[in-house]
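J.: heads up, no residue letters with this:
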């Protein structure tokens, strides 16, 4: 995998770059739709490629390990062959899912023991096991196993957690280096910077991660309960240290405003379930704010869902029609809204890239960011 830094904004740390993988190129900054269980919820593959224009999508190691399982994925030739998406893919390590299942997991130096949310069966993730699972899934970018500490963790807990994550990272790298890709194309391993909301721990973590010389790096453990301004502060602390010639991935973030703030601080890659989850619950993101399509105000509004934004949304459907679909609980409502939101997110990062290249990103961002948070 290679990363070419193409442009940097003169008034901020915003960057435009190009990631090249064996499954294609990714123009950054980029938003990555989340395909947790080998599918982006409510979205057909054709729509993902043609309407949303996704350049890279995610899979989830925890869920894919449980179902359909690595044996079946190896049999078919990996996740690309299984779900038909022929572009780049990234897998998280499954750590967030394991650690969010409080009460049914046991943390040890060797790894983490947990019970399946499906049937209660017992399983164990070690750093080595996770590397093997991600090799079997076959994503272009693999994530190291880490402990995702809550945003409210006290200092001593966060420090101990970071130490464990750093030891696990060394084991992930060792296992990654002693194994080979299974399907004939290159895979990259991204370490994850943790450290909770403590600047000294974040600096320590970033310095350790930077020293590993990985092909890209991730920032984890944010948007997990801490104040938004603290999240931005931690991004700034970390990005002062992470190498500028490698892509930076902010995990699980977030709102359109979060994404623009992250871009301004030097982040290249984002993912979040928000576009599809909110879409399934009738909330649409637009250039001028959010719309709750269950509100009665849309009942007789026959204008296009977002008539002013033809660059990223299908104008076939009216607000009144989508309101009706949600009211009668038609599945098509969730599909339309999910496609719209993902297309909007991809449009947003694409516009950010254009303005970084044009040299006026800061001016553009200042003009759009307040509107994004409005309720229409």
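T.: Received, thanks. Being a predicted model, the structure only gives us computed values, none of them experimental.
J.: Quick one: mean pLDDT for the helix or strand residue 7 falls within?
T.: With elements delineated by DSSP states H and E, residue 7 resides in strand 2-8, which encompasses its position. When the per-residue pLDDT values of strand 2-8 are averaged, the result is 98.
J.: Pull the residues that contact it.
T.: 14-20, 215-216, 244-247, 356-357 (C-beta atoms under 8 Å, 6 or more residues apart in numbering). Using the backbone N, CA and C atoms, a C-beta is placed for each residue, glycine as well.
J.: Now list the buried members of the residues you listed.
T.: 14, 15, 16, 17, 19, 215, 216, 246, 247, 356 (16 or more other C-beta atoms under 10 Å).
J.: Would you convert those into TSV that also reports distance to residue 90 and secondary structure?
T.: Output for the buried ones among the contacts of strand 2-8, formatted as TSV (distance: C-beta to C-beta, whole Å; DSSP: H, G, I helix; E, B strand; the rest coil):
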residue	distance to residue 90	secondary structure
14	22	coil
15	19	strand
16	20	strand
17	16	strand
19	11	strand
215	12	coil
216	10	coil
246	15	coil
247	11	coil
356	22	helix
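J.: Between those residues, which sits nearest residue 39?
T.: Sorting those by how near they are to residue 39, with C-beta to C-beta, puts residue 19 at the top with 23.3 Å.
J.: circling back: of the buried ones among the contacts of strand 2-8, which is the nearest to residue 141?
T.: Comparing every one of the buried ones among the contacts of strand 2-8 with residue 141 (C-beta to C-beta), the shortest separation belongs to residue 216, at 6.8 Å.
J.: residue contacts, the residue lying closest to that closest one once chain neighbours are set aside?
T.: Closest residue to residue 216 in three dimensions, ignoring its sequence neighbours and counting by C-beta to C-beta, 6 or more residues apart in numbering: residue 247, at 4.2 Å. The contact partners of residue 247, by C-beta under 8 Å, 6+ apart, come to 3, 17, 19, 28, 216, 217, 268, 269.
J.: I'd guessed the second one sits against residue 25; true?
T.: No - distance between residue 17 and residue 25: 10.4 Å, which falls outside the contact criterion (C-beta atoms under 8 Å).
J.: shared neighbours of these two, which are they?
T.: With the criterion set as C-beta under 8 Å, 6+ apart, the contacts of residue 17 and residue 25 do not overlap.
J.: rewinding a little: can you redo the contacts of residue 247 as CSV with distance to residue 44?
T.: Below are those laid out as CSV (distance: C-beta to C-beta, whole Å):
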residue, distance to residue 44
3, 31
17, 29
19, 25
28, 26
216, 29
217, 33
268, 28
269, 24
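J.: Centre-most residue in the protein?
T.: Within the chain, the residue whose C-alpha comes closest to the C-alpha centroid is residue 271; the distance, by C-alpha atoms, centre = their mean, is 1.9 Å.
J.: correct me, but that residue touches residue 251?
T.: Yes - counting by C-beta under 8 Å, residue 271 touches residue 251, with 6.7 Å between them.
J.: Let me know the closest of the contacts of strand 2-8 to residue 292.
T.: Each of the contacts of strand 2-8 was scored against residue 292 by C-beta to C-beta, and residue 14 proved nearest at 31.0 Å.
J.: how about that closest one, what does it touch?
T.: For residue 14, the contacting residues are 8, 29, 263, 264, 265, 266, 352, 356, 361, 362, taking C-beta under 8 Å, 6+ apart as the criterion.
J.: so how many other residues sit close to the first one?
T.: Using other C-beta atoms under 10 Å as the criterion, residue 8 is surrounded by 16 other residues.
J.: From residue 206, how far out is it?
T.: Computed as C-beta to C-beta, to the nearest Å, the residue 8 to residue 206 distance reads 19 Å.
J.: And the fifth one, by the same measure?
T.: From residue 265 over to residue 206 the distance is 13 Å, taken as C-beta to C-beta.
J.: try the fourth one
T.: Between residue 264 and residue 206 the computed distance is 18 Å (C-beta to C-beta).
J.: do the same with the second one
T.: Relative to residue 206, residue 29 is positioned 19 Å away (criterion: C-beta to C-beta).
J.: and the least confident helix or strand in the chain by mean pLDDT, what other elements does it pack with?
T.: The element with the least model confidence among the helices and strands of the chain, by mean pLDDT, DSSP states H and E, is helix 95-100, at a mean of 81. Contacts of helix 95-100 with other secondary structure elements, assessed using 3 or more C-beta pairs under 8 Å, 6 or more residues apart in numbering; DSSP states H and E, are made with helix 61-66, strand 112-115.
J.: Same list (the ones you listed) but as CSV, adding mean pLDDT.
T.: Supplementary listing: the helices and strands packed on helix 95-100 in CSV, determined by pLDDT from 0 to 100:
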stretch, mean pLDDT
helix 61-66, 96
strand 112-115, 92
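J.: Please identify which of the ones you listed is closest to residue 321.
T.: Among the helices and strands packed on helix 95-100, helix 61-66 sits nearest to residue 321 (C-beta to C-beta), with 33.2 Å.
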